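A.B. asks: Next one to model:
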Amino acid sequence: MIPPKTIDVMDRHGGFTALVPTLQYVKKFATNDGKGFIGWERKMVEGTTLWRPGSILKKGTIGELISYDEKSFFQLNDAATMALYRIKGYRYKVAVWFDNLTGERIA
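C.D. replies: Numbering: from 1, shown residues only. Take a look at the predicted model:
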């Protein structure tokens, strides 16, 4: 399913889900085939989600689509699309999930 280009990111509880970068240690290799382990490298990785109240968004709640993954999952639903949206005035990406079978918004 292809998510809408723009959407109101607020959920039914009056908040939204932000994709927050966290500092993680990632393996660093000398070659692309996974051989030649050099050591660990510190990187900021986007992967942690955090529910935020809607009062944080000062310049509106309409998000513009950045990217999406049709083979994502949400809790027990493994047939979901995760869409990432950019909101004007907010520095983090916002995640919204849709059910692939019905096309309805999950979260």
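A.B. asks: Neighbours of residue 77, how many?
C.D. replies: Neighbourhood size, residue 77 [other CB atoms under 10 Å]: 15. Yep, even glycine has a C-beta here, placed from its N, CA and C like the rest.
A.B. asks: whoops, I mixed them up, residue 24
C.D. replies: By other CB under 10 Å, the residues close to residue 24 number 13.
A.B. asks: and if you look at residue 19?
C.D. replies: Neighbour count of residue 19, defined by other CB under 10 Å: 16.
A.B. asks: Next secondary structure element downstream of the helix or strand hosting it?
C.D. replies: Take DSSP states H and E as the rule and residue 19 turns out to sit in strand 15-29. Remark: after strand 15-29, the chain's next helix or strand is strand 37-53, criterion DSSP H and E.
A.B. asks: to the chain's geometric centre, what's the distance from that following strand?
C.D. replies: Taking CA atoms, centre = their mean, to the nearest Å, one finds the center of strand 37-53 at 12 Å from the center of the full chain.
A.B. asks: model confidence over the helix or strand following it, on average?
C.D. replies: Per DSSP H and E, the first helix or strand lying C-terminal to strand 37-53 is strand 62-74. Averaged across strand 62-74, pLDDT comes to 90.
A.B. asks: buried residues in the strand holding residue 19?
C.D. replies: For strand 15-29, the buried set under the neighbour-count rule, 16 or more other CB atoms under 10 Å, comprises 15, 16, 17, 18, 19.
A.B. asks: which intervals of the protein have sub-threshold pLDDT?
C.D. replies: For the chain, the stretches flagged by pLDDT under 70 are 34.
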